[in-house]
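> Let me see the structure of the following:
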Amino acid sequence: MPRFCLRVLILAAALVAPGRAAFAAEPAAPAAPMSAAAQLKQRVLRMSEFLDTMLPGVLQEHNITLHFTPKFSDLRDNEFVRFPFEVRYGAGNGWELSGGITPFTPNPFNRGREHRWGPGEAKFGARYDLGPSLHFFDDTTLGFEMRSPLGVPPVEVNDHYTHVKPFVSAARTLRIWPDVTFYSNLSYDRSVELTHRDAPPPEVMRRNIIEVSPGLLYKPGELGYFAEYRWRHITEELEWHIAHEVQIGTIWDVPKSRSEKWNLPGKWQVELAYEMEQEEGRGTDHGISARVSWRTSLREVLNHTSAKAPKR
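Below you'll find the predicted structure:
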């Protein structure tokens, strides 16, 4: 692991440790009993991902959730803004199916060649819950994802190739620190030409990427912290090389009482992270990523809509 990655991970541990000690010093208040409906809503709307990290687990049978995760970092970096939208369905017997689209709109703050509208890309996937594995992980999920361009999107949205990515995600709650979760993801992102399309832009290099990404998530309540390391083996047409990335960040679950006061259904999550990446032969890059994630169940949306409808 490069020296800069080690330094950032040490910094992340130093940031998380005082926060954990502060929470531990406070006496825990007895939790109020939850109703069956509240427990069901909590299971459906539990945290399943943050930024580009997916956690294991699938929806229970016949549950449907809606996910909306606008990329606000595009306001700073690009001439467009992406608005990914996804629907997930619990198919039963440990299976979950998903489908979504990532349209983009012009960035009101940056102008240029890519200052335009478009459907972006389509995404389809399936996940299967394996449960405990390797006598270590509490939860393990196998998955498969396919991303395909729609029209001629900017390269940052899709590099004009279809991407097929099998993956496995696993997590374990640390017994000595119940608020800390160790997670790890393994994936293989392969670029394929599914249908005949125009040639991609000359700056696009076709890549197949193997990625391993272990991390720690500390989340005792609405506010949480995470530190993650990513190792990538990148194969291009003429050569291969290695890339390393470190992320440290924070996650805030907007309290349900506050979102309900604003008349907003579902669960809102704010994510902020500092990222540093070193790719062999490409140098070092770093920056800040920010995302607001919204997820809700179809039942909650329908109940919210019917409650606002005028009575006759």
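> His244 and Tyr229, how far apart?
As defined by C-beta to C-beta, to the nearest Å, His244 lies at a distance of 7 Å from Tyr229. Yep, even glycine has a C-beta here, placed from its N, CA and C like the rest.
> correction: Asp77
Counting by C-beta to C-beta - Asp77 and Tyr229 are separated by 23 Å.
> With Val204 instead?
For Val204, the distance to Tyr229 - C-beta to C-beta - is 27 Å.
> go on, Gly131?
Counting by C-beta to C-beta, the gap from Gly131 to Tyr229 is 26 Å.
> which of those two has more neighbours?
Tyr229 (19 against 11; other C-beta atoms under 10 Å).
> Bridge partners for that one, pull those for me.
Val246 (DSSP bridges).
> list the buried ones in stretch 177-185?
180-185 (16 or more other C-beta atoms under 10 Å).
> Check stretch 78-93 too.
Quick answer for stretch 78-93 (16+ other C-beta under 10 Å): 78-86, 88-91.
> Report the two of the residues you listed separated the most.
Within the buried residues of stretch 78-93, two members stand farthest from each other by C-beta to C-beta: Glu79 and Ala91, at 38.8 Å.
> Quick one: low-confidence residue ranges for the protein.
For the chain, the stretches with pLDDT under 70 are 1-47, 196-197, 301-312.
> Buried ones in stretch 290-299, by neighbour count?
So stretch 290-299, judged by 16+ other C-beta under 10 Å, has buried residues 291, 293-297.
> between those, which is nearest Ala126?
Arg295 (18.5 Å).
> Return the set of residues that bridge with the closest one.
His67, Lys267.
> from memory it sits against Lys267, does it?
Yes - the pair Arg295 and Lys267 qualifies as a contact (C-beta atoms under 8 Å) at a distance of 5.6 Å.
> thinking again about what came up before, switch the buried residues of stretch 290-299 over to a markdown table; also include distance to Ser98.
Output for those, formatted as a markdown table (distance: C-beta to C-beta, whole Å):
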| residue | distance to Ser98 |
| --- | --- |
| Arg291 | 18 |
| Ser293 | 15 |
| Trp294 | 16 |
| Arg295 | 12 |
| Thr296 | 15 |
| Ser297 | 14 |
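> tell me the contacts of Ala170?
For Ala170, the contact set (C-beta atoms under 8 Å, 6 or more residues apart in numbering) comprises 56, 133-134, 137, 139-141, 183-185.
> and what of Thr250?
223-226, 271-273.
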